[in-house]
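1. fold the following and give me the result.
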Amino acid sequence: MTPSRRIIVGGVLSLGAATPAAAAPRRIASLNACLDAMLVHLADRGQIAALSHYAREDQGSTVAAEARALPFTWESAEEIIALQPDLVLASQHSALATRNALKRLHVPVERFAVPKTINESLTQVRRVARLIGHPDRGERLTARIQAALAAATPRPGSRRLTALIYQPNGFAAGPHTLVDELMTLAGFDNVARRYGLKSWGNVPLELLLAAPPEVLLVGVPAAGARSWADRVMTHPALGALRGRMRQARFPERLLYCGGPVLIESAQAMARARTQILRGAA
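-> Take a look at the predicted model:
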């Protein structure tokens with residue numbers, strides 16, 4: 001029997017075989033909604049020991065239907081340890097107490113940062129696929145994402161639209177974010193910079209009234225919920241912008257993650273642009 005050894009990958013403890021081709025992990029747990037989506041798209045169902053509880057929430061997950069048929073945790077160290085995973089996928093925002101407990105017990109954890117560009121997101125897809133033993137699936141998924149992005153890109157010379165997008169809780173996506181790059185690719189010029197945003201931030205109503213974009217892209221919240229963007233759009237002062245600023249809506253769950261979610265996000269952006277241009281014709 002080939003002896004196993006522990007190796008350090010990117011500063012994170014992982015388990016590997018002494019041979020160059022390590023066996024694929026058999027029990028994988030995810031602590032992050034975006035990583036949940038990647039696992040659902042890339043892993044064998046039998047490999048998924050548990051997803052995070054966020055995976056089952058319709059308002060924030062694009063894989064809620066699939067996730068309801070899979071185990072989940074509330075991301076506590078006790079739950080994860082009881083699963084006896086041989087790989088845990090975590091984000092930089094996953095609970096520190098859980099990550100520290102897993103580290104003390106030498107549970108292999110791979111951490112992922114929030115991608116700021118499309119290329120970073122595609123790299124993460126390939127990394128997850130490689131870690132779980134399905135690099136070929138990672139290549140196929142990245143090809144699908146790239147095809148969706150290409151289809152959402154307007155023809156050269158097409159009219160561009162100034163726009164601002166509101167994330168849940170009223171945050172706008174500024175430069176150096178994945179959403180900003182997606183907007184640019186889909187034919188929108190993100191005006192967050194004109195309001196002083198350098199990354200994420202809140203745009204006060206007064207600034208929006210003083211220099212409105214042509215389009216306000218507003219995520220549709222879960223049924224029965226009202227987002228900050230909804231309240232802004234019903235503010236009486238916005239009556240003065242009628243005819244100058246239009247709004248386009250799409251599900252908020254398409255604003256949270258990269259990876260496979262980019263396929264639906266790109267399609268939604270393209271539809272929004274088409275609807276706005278048709279309405280203006």
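2. from the rest of the structure, what touches stretch 117-124?
-> Outside stretch 117-124, the residues that touch it by Cβ atoms under 8 Å, 6 or more residues apart in numbering are 38, 112-113, 115, 142, 145-146, 149, 178, 181-182, 185, 258-259, 262. Where you see a C-beta, it was placed from the backbone N, CA and C, and this is true even at glycine.
3. same question, stretch 184-203
-> Stretch 184-203 has contacts (Cβ under 8 Å, 6+ apart) with 118, 149, 152-154, 158-165, 167, 170-177, 180, 183, 207-208, 211, 213, 215, 217, 266, 269-270, 273.
4. output stretch 100-116 as PDB, restricted to C-alpha atoms.
-> Extracted C-alpha coordinates of stretch 100-116, given in PDB (Å, rounded to 0.1, in the frame of the first residue of the first chain):
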ATOM      1  CA  ASN A 100      -9.000  27.300  13.400                       C
ATOM      2  CA  ALA A 101     -10.600  24.200  14.800                       C
ATOM      3  CA  LEU A 102     -10.200  22.400  11.500                       C
ATOM      4  CA  LYS A 103      -6.600  23.400  11.300                       C
ATOM      5  CA  ARG A 104      -5.900  22.200  14.900                       C
ATOM      6  CA  LEU A 105      -7.300  18.800  13.900                       C
ATOM      7  CA  HIS A 106      -5.400  18.700  10.600                       C
ATOM      8  CA  VAL A 107      -8.600  18.600   8.500                       C
ATOM      9  CA  PRO A 108      -7.500  19.600   5.000                       C
ATOM     10  CA  VAL A 109      -8.900  23.100   4.100                       C
ATOM     11  CA  GLU A 110      -8.500  25.100   0.900                       C
ATOM     12  CA  ARG A 111      -9.300  28.800   1.100                       C
ATOM     13  CA  PHE A 112     -10.600  30.900  -1.700                       C
ATOM     14  CA  ALA A 113     -10.600  34.700  -2.000                       C
ATOM     15  CA  VAL A 114     -13.500  36.700  -3.600                       C
ATOM     16  CA  PRO A 115     -12.600  37.000  -7.300                       C
ATOM     17  CA  LYS A 116     -12.300  40.500  -8.600                       C
END
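5. who touches that stretch?
-> Outside stretch 100-116, the residues that reach it (Cβ under 8 Å, 6+ apart) are 6, 9-10, 12-15, 25, 32, 34-35, 77, 80-81, 85-94, 99, 120-121, 123-124, 127, 131, 176-178, 258.
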